[in-house]
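[1] using only what follows, build the 3D model:
(3 chains)
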Amino acid sequence: MMYLKSSYSIRDKYLRRDMLPTIFCPGCGIGSVLQFTLRAIDDLGLSQDEIVWVSGIGCSSRVPGYVNFDGLHTTHGRALAFATGIKLANPDLKIIAFMGDGDSAAIGGNHLIHAIRRNLDVTAIIINNFTYGMTGGQVAPTTLKGLRGTTAPYGQFENPFDIAQLAVTAGANYAARWTVFNYLQGINSIKKALQKEGFTLVEFLSPCPVSFGRRNRMKTAPELIRWYQKITVPLAKAKKMKPEELEGKVVIGEFADRDRPGLVREYREYIKRAKKMMGWEQ
Amino acid sequence: MRKEVLFSGFGGQGVILASVILGRAAAVYENLYAVQTQSYGPESRGGASRAEVVISDEPIDYPKAITPDYAVFFSQEAYTKFLHTVKEGATVIVEKDLVPHRDPEFEKRLNVIALPLTEIAEETTGLSLTMNILTLGILVGVTGIVGRESIEKAVRDAVPHGTEEINLRALRRGFELAEKLKP
Amino acid sequence: MRYPFPVGRSDFIQGDEAVARAAILAGCRFYAGYPITPASEIFEAMALYMPLVDGVSIQMEDEIGSIAAVIGASWAGAKAMTATSGPGFSLMQENLGYAVMTETPIVVVNMMRGGPSTGQPTFPAQGDLMQAIWGTHGDHMLIVLSPSTVQEAFDLTIRAFNLAEKYRTPVVILGDAELAHMRERVYIPNPDEIEVVERKLPANEDEAKLPFGDPHGDGVPPMPIFGRGYRTYVTGLTHDESGHPRTVEPEVQQKLIGRIFRKILDHKDEIISYETFELDDAEIAIVSTGIVSRSAIRAVKMLRERGVRAGLLKLSTVWPFDFEVIEELAEQVRKIYVPEMNLGQLYHLVREGANGKAEVELIAKIGGEVHTPMEIMERVVG
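    Alright, predicted model coming up:
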C-alpha cells in the first residue's frame, strides 16, 4: 500500500527544501535508506514533532539536516551518547540515530555497545558502505578482508565487525540487516524498529561507488548491488550452511526481535525504587 | 579565635571520622566556621592517616593546620612525624599503648594526656573501634572547643545507624575522664 | 517541592557535595558522569538525589559520552551537568567545543588534580586553567568560574547554571582536589532565597526559525528546544542563523564566531566577579584564584602585621578575564605576585593585564600541596 505514495510526496512532506540538494554522490545509497525511513514514519503516522534525528559525522550523518524534524548533528561517533541525554531528559521523544559504519562501529563503537546494553530507547539506522566515504575511501571496521581502501591499499588485512550481530549479542530488542536493494524488507524492519521499546537497529549495506566501489572494481551502484546479491545470504539459508561456506558472506535478515524493558522504563522503576527505599513513597 | 586540631594515626582507627564529627559539631551546632581536611592517597588505606580541623568564629582563610592547638596521636608513626609541629602549650592526647617511644623533653612544653585509649574503649563499650569517639569526648571535655551537647548531636549524625548509643557511651566516658584530668 | 537534603540551614559537607546540592537547587535535573578521583563524590551525590527529585543520573561509558549526554539533555530542555577531573576533562574537550558552537547551556565541573596524564589523582593542582579556557580546538568563548571555599563551590555552581542559561553557553567550574574533598560549613539556602535563571525560549515563530540569530540584540538567541514543534536543526558545522550548515563562506563563520564572542564579552561586567581584600592602600598586590586565595588572604594578614601594605585580588571568574582591573591594579601597586599551583598560567594573563605598569612575579608550586601562607609571605618580604 505504502508504495502508492510517490517519492515526491514523501519529499515534499518531510524534507527541508531549503537544504537541498544533498551532498550525496550519484549512486549513493543513503538517499534510499532515508526514503525507507521516511516511508516507515509516514506509514506509521508518526508526528514530525515527536521525533528527533541524531547523527555523528560522515555522509550519512548529514541526513538530519535534510529532514524537517528536530535534529542534532553531533561529533564523530557520539550520536548515541547525545541521544541518551535527549531520551532520558524527555522520554516522550522518539529518537532515530542515523549513522555510518565507521561512525557507529569504530570511533563510536563503545557508545554503540553500551547504548545497546542499556537498551536505550532509540532506533539506530546504520548505513554500512564498508568505507569512510566523506574522507575519501579509507577502510572501515566493516571492510571485508581483501577489499581495498586508501589506508589499506593492498587489501584489508583485519577482520570485519558484524554490526547487526554485535547488536544481538549486546542485547538489542530488534536487529536486522538488509541491502538497499531489499527495500520492502527494509521499510518493514524500520517500521518494526520504530514501534518497539528499547534499542532497535536496522543495518543497510549501502553503495558508495565513488569512495569504495571505484577502488574495488565496482564503479557504479548497479555493480555494487549485483555484488551485494553475490555476497549476501538470507538468514534461513545461512542457518543450513557450514561456517566455511559462509566465509566472506554477509547474512541478511532479522536477527533479534524481543521485548526486554527499555532504559526509560527501567529508569522510571528505578525512581520508584529510590523513593520507596528512602521512605518518600509507599 | 582560630583553633587548629590535628588527628593522626593509621587507617581504620577512625581518625577521619573523628575530625568530621568535631567539624560538624562546630559548624552545624555551634554556628562557628569550621573546615576539615585530610590527607588522601595510599596512606588512607591502612597506612598513616591524618586529618585536620580548623575552627573559628570568623571566616577561615588558610584551611590547614599551621601549628595545631590540639593534637591526637594514635600511632607511633604519627607521633614521631607530627609531634613537633604542635603549638607550645598545646593539649595533646596520646594513645599510650601504641606510642611506646615518646619525647619527654618536648612534651614538657605541652599539656599531654597519655592513656591506653583502645583498652578504655574496649572496657567501656566492648568495641575497641569506639576509641576515636572516646578520644573526642576527652578532647571536648578537656578543651571545651565545642559544647558537649553539640558533639553528642554530631556523633549521632555521623556514626553508622544503629551504633549511636554505643558511640555516645564512649563519648560520655571521655567526658568523665576529662573531668578527672582537668587541673 | 521536597529536597533530599536539608535547606535553609548550615551543613558541614565536602566541596563535591556542595556542587551537587547547588546544582539541584539551581534546577539541574540531568547528570551524566564517569567515576574519577576527586570528582566522584559529585556523581555519587547526584546518584543519590536525582531520582528523588525526578531527575536523571546516569553513568556513561566514558567522559566523552558524559558530556555528550549532557548536551543532548540540554537540547531536550533540561538543565544538565557533568563533573570530572583532568583526564576526563581532556576527553571532554571536543564536545565542549560542540557546546560552544551549538550554544548549548551546560555546566562542566573540573576538580583539578596533578597532571599531565594520570598524574596525582588525589592531590590538588591548578594546571588545567589554560585548558579550561583554550582546551577545545578553534576560536571559542566560554565562561570559567573558580571557587576557593565550599560555600563558593555552592554559590558559584548556582551562578554557573544561571550564566549558562542566560548566555546559552557552557560554563566550566574549576575546583581542585583539596576543595573537592574538604568539608566546610556551608549555608544551603531555601529555594526562595535563590535567584534561578531560565533560558530564553522563542517568543514566536520568527524567533524559532532563527535558533542562531540575534533577535534581541544581546547576542543570545532564544533556544528552540526539541519536542516543541520548532523543528530545530543543530550542527557543529559552521551554520547560519537558521542553523543551516554554511562551511565555505568566510562571512558566515565570522558572523557566528563573532557573535559567540560578543555575547560573552559584551556582558563581561556582569559575568566577571572578584573580591578584594586590603587593596585600598596596597602597594603590593597578590592576584590569585581558587584554593590558593585562602593562603593568600592569610599571607596578606601576616604581611600587614609586619607593616607591609599588601592586598589581594581574588578572581572568582577566570574567563572572560578582566584585563582592565589588573591594569588599574598595576597602576596602583609596585608589584603583583601571582601564587598558583602550576608552573605559570594565571601569571601570563596577569602580566598581560599589568601591561608593564607593575612588575609581576609568579609564585609557582606543584606537587600536590597548597601554598602555605608563609611561602607566599616569604617571597614577598624576600
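
[2] C-alpha from now on. contacts and neighbour counts both.
    Noted.

[3] which residues of chain B score low on pLDDT?
    By pLDDT under 70, the weakly predicted segments of chain B are B:40-46, B:183.

[4] helices along that one, start to end?
    B:15-24, B:76-82, B:104-107, B:117-125, B:131-143, B:148-158, B:164-181 (DSSP state H).

[5] please identify the deepest-packed of the ones you listed.
    Of these, the one with the most neighbours on average (mean count of other C-alpha atoms under 10 Å in any protein chain shown) is helix B:15-24, at a mean of 27.

[6] so which bits of chain B are right by chain A?
    By the rule C-alpha under 8 Å from any C-alpha of the partner chain, no part of chain B lies against chain A.

[7] export the host helix or strand of A:Trp227 to PDB, keeping only CA atoms.
    Here A:Trp227 is covered by helix A:221-231, with elements defined by DSSP states H and E. Only the C-alpha atoms of helix A:221-231 are listed here, as PDB (Å, rounded to 0.1, in the frame of the first residue of the first chain):
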ATOM      1  CA  ALA A 221      25.800   1.400  -7.900                       C
ATOM      2  CA  PRO A 222      24.400  -1.400 -10.100                       C
ATOM      3  CA  GLU A 223      27.700  -3.200  -9.900                       C
ATOM      4  CA  LEU A 224      27.700  -2.800  -6.200                       C
ATOM      5  CA  ILE A 225      24.100  -4.100  -5.900                       C
ATOM      6  CA  ARG A 226      25.000  -7.100  -8.000                       C
ATOM      7  CA  TRP A 227      28.000  -7.700  -5.700                       C
ATOM      8  CA  TYR A 228      25.600  -7.500  -2.700                       C
ATOM      9  CA  GLN A 229      23.500 -10.200  -4.300                       C
ATOM     10  CA  LYS A 230      26.500 -12.300  -4.600                       C
ATOM     11  CA  ILE A 231      27.800 -11.900  -1.100                       C
END
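
[8] who are the packing partners of it?
    Where contact means 3 or more C-alpha pairs under 8 Å, 6 or more residues apart in numbering or on different chains; DSSP states H and E, helix A:221-231 is not packed against any helix or strand.

[9] which outside residues touch it?
    Defining contact as C-alpha atoms under 8 Å, 6 or more residues apart in numbering or on different chains, one finds that helix A:221-231 is touched by A:27-28, A:179, A:181, A:205, A:207-209, A:213, A:218, A:248-250.

[10] what does stretch C:108-117 give?
    Taking C-alpha under 8 Å, 6+ apart as the rule, stretch C:108-117 contacts C:38-39, C:67, C:81-87, C:89, C:119-128, C:170-177, C:179-180, C:366-368.

[11] list only buried entries from the residues you listed.
    With burial judged by 16 or more other C-alpha atoms under 10 Å in any protein chain shown, the buried subset of the contacts of stretch C:108-117 is C:38-39, C:67, C:81-87, C:89, C:120-128, C:170-177, C:179-180, C:366, C:368.

[12] about what we covered before: can you flag which of the contacts of stretch C:108-117 belong to helices?
    Using DSSP H, these in helices are C:67, C:86-87, C:89, C:177, C:179-180.

[13] including pLDDT, could the residues you listed go into TSV?
    Formatted as TSV, the ones in helices among the contacts of stretch C:108-117 follow (pLDDT from 0 to 100):
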residue	pLDDT
C:Ile67	98
C:Gly86	98
C:Pro87	98
C:Phe89	98
C:Ala177	97
C:Leu179	98
C:Ala180	98
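
[14] secondary structure class for the residue of the stretch 151-300 of chain C found nearest chain A?
    Using C-alpha to the nearest C-alpha, the single residue of the stretch 151-300 of chain C nearest to chain A is C:Arg231, 4.1 Å away. On the three-state scheme (DSSP: H, G, I helix; E, B strand; the rest coil), C:Arg231 is labelled coil.

[15] and it, how far from A:Leu38?
    As judged by C-alpha to C-alpha, to the nearest Å, C:Arg231 and A:Leu38 stand 16 Å apart.

[16] same question, C:Ile158
    In terms of C-alpha to C-alpha, C:Ile158 sits 43 Å off from A:Leu38.

[17] give me the more crowded residue out of those two.
    The neighbour comparison of C:Ile158 against A:Leu38 (other C-alpha atoms under 10 Å in any protein chain shown) goes to C:Ile158, with 26 against 23.

[18] tally of neighbours for A:Glu281?
    11.

[19] give the contact list for the residue nearest to it when sequence neighbours are not counted.
    Using C-alpha to C-alpha, 6 or more residues apart in numbering or on different chains and skipping the chain neighbours, the partner closest in space to A:Glu281 is A:Lys275 (5.4 Å). By C-alpha under 8 Å, 6+ apart, the residues touching A:Lys275 are A:281, C:51-52.

[20] what pLDDT, on average, does the host helix or strand of A:Lys275 get?
    Element membership of A:Lys275 [criterion: DSSP H and E] is helix A:263-277. The predicted model gives helix A:263-277 an average pLDDT of 98.

[21] which parts of it are buried?
    In helix A:263-277, residues buried by neighbour count (16+ other C-alpha under 10 Å) are A:263-265, A:267, A:271-275.

[22] what of stretch A:20-39?
    For stretch A:20-39, burial by neighbour count (16+ other C-alpha under 10 Å) applies to A:24, A:27-39.

[23] near chain C too, which of those residues?
    Contacts with chain C within these, as defined by C-alpha under 8 Å from any C-alpha: none are present.

[24] okay, those residues in TSV with distance to C:Ser293, pLDDT and secondary structure next?
    Output for these, formatted as TSV (distance: C-alpha to C-alpha, whole Å; pLDDT from 0 to 100; DSSP: H, G, I helix; E, B strand; the rest coil):
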residue	distance to C:Ser293	pLDDT	secondary structure
A:Phe24	56	96	coil
A:Gly27	63	96	coil
A:Cys28	60	97	coil
A:Gly29	60	97	coil
A:Ile30	57	97	helix
A:Gly31	59	96	helix
A:Ser32	61	97	helix
A:Val33	58	98	helix
A:Leu34	57	98	helix
A:Gln35	60	96	helix
A:Phe36	61	97	helix
A:Thr37	58	98	helix
A:Leu38	58	98	helix
A:Arg39	62	96	helix
